[in-house]
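Chemist: Structure here, sequence nowhere to be found:
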């Protein structure tokens, strides 16, 4: 597996010969010129996960890419987008994809809830080699190898993120969703997650727009 982080929640996963891009939002950068994608997956409708200004050009530049997102976003974007609900499964090349969760984390009880589909990528040996939860703290029943961990958000406390990391207990955790904080502040969050991760979990920060192999 090769991972490339384009800031905030936008991650390119290259797995089993397929190139799958998650959540190209307006806090992310560097994904604009990507071509040859096999799929674009969007967890939910918020613009920091689906940039309304740049997403159409990305789709046009990747006419063969399969397009998947949560049901509400599929209705809003229309066209070739396919809605994915919790429990739905499909394949992208040799990658098995499972939809999970279903709802965005609560920002405030006065705000309406929206759809949020977490995605698990895997194969017959391990159906959860990679998990992108979007804006949720969904804990799957599968054993997750690599978790994209929400690091900072209006709906998230550090204690909740630590408890989530411990509940999922992945082999590797990589922080995402840090676009709402200054670069100088990331150490406050990352230090806690690295120090308080469960035994056996490696906490690894991905340099933006640089790729790493995760074996």
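Modeler: Sure, I can see it. Quick caveat: nothing in here was measured; it's all calculated off a predicted structure.

Chemist: name the element residue 144 belongs to?
Modeler: Under DSSP states H and E, no helix or strand contains residue 144.

Chemist: Phi, psi for the residue most central in space within the chain please.
Modeler: Nearest to the geometric centre of the chain sits residue 132, at 3.2 Å (Cα atoms, centre = their mean). When read as degrees, to the nearest 10, the backbone of residue 132 gives phi -110, psi 110.

Chemist: Name the nearest residue to residue 100, ignoring sequence neighbours.
Modeler: Nearest in space to residue 100, with sequence neighbours left out and distances taken as Cβ to Cβ, 6 or more residues apart in numbering, is residue 118 at 4.4 Å. All C-beta atoms are positioned from the backbone trio N, CA, C, and that covers glycine.

Chemist: Helix, strand or coil: sort out the one you found for me.
Modeler: Following DSSP: H, G, I helix; E, B strand; the rest coil, residue 118 is assigned to strand.

Chemist: Quick one: the strands in this protein, in order.
Modeler: Counting by DSSP state E, one finds strands in the chain at the ranges 2-5, 11-15, 18-22, 39-42, 66-69, 82-83, 89-92, 95-103, 115-122, 130-132, 146-150, 172-176, 202-203, 211-213.

Chemist: I'd like the mean pLDDT over the first one, please.
Modeler: Summarised as a single mean, pLDDT over strand 2-5 is 98.

Chemist: which parts of that strand are buried?
Modeler: Buried residues in strand 2-5, defined by neighbour count with 16 or more other Cβ atoms under 10 Å: 3-5.

Chemist: hmm, what's the outermost residue in this structure?
Modeler: Farthest-out residue of the chain from its mean C-alpha position, per Cα atoms, centre = their mean: residue 110, at 25.8 Å.

Chemist: so what's it scoring on pLDDT?
Modeler: Looking at residue 110, the pLDDT reads 95.

Chemist: and it, what does it touch?
Modeler: Neighbouring residues of residue 110 by Cβ atoms under 8 Å, 6 or more residues apart in numbering: there are none.

Chemist: do residue 201 as well
Modeler: So residue 201 contacts 165, 169-173 (Cβ under 8 Å, 6+ apart).

Chemist: Most neighbours of all the residues you listed, which one?
Modeler: Scoring those on neighbours with other Cβ atoms under 10 Å, the highest-scoring entry is residue 173 at 26 neighbours.

Chemist: if I pick residue 40, what's in contact with it?
Modeler: Residue 40 makes contact with 20-21, 24, 58-59, 62, 65-68, according to Cβ under 8 Å, 6+ apart.

Chemist: now do 6 Å
Modeler: Going by Cβ atoms under 6 Å, 6 or more residues apart in numbering, residue 40 touches 21, 65, 67.

Chemist: re earlier: please identify which of the contacts of residue 201 is nearest to residue 54.
Modeler: Ranked by distance to residue 54 (Cβ to Cβ), the contacts of residue 201 are led by residue 173 at 27.6 Å.

Chemist: What's opposite that closest one in the beta bridge?
Modeler: residue 147, residue 203 (DSSP bridges).

Chemist: Was I right to think it contacts residue 148?
Modeler: No. Using Cβ atoms under 6 Å, residue 173 is not in contact with residue 148, being 8.1 Å away.

Chemist: now the contacts of residue 201 in TSV, with distance to residue 152?
Modeler: Compiled in TSV, the contacts of residue 201 are given as follows (distance: Cβ to Cβ, whole Å):
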residue	distance to residue 152
165	13
169	21
170	19
171	23
172	19
173	14
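
Chemist: Cool, thanks, talk later.
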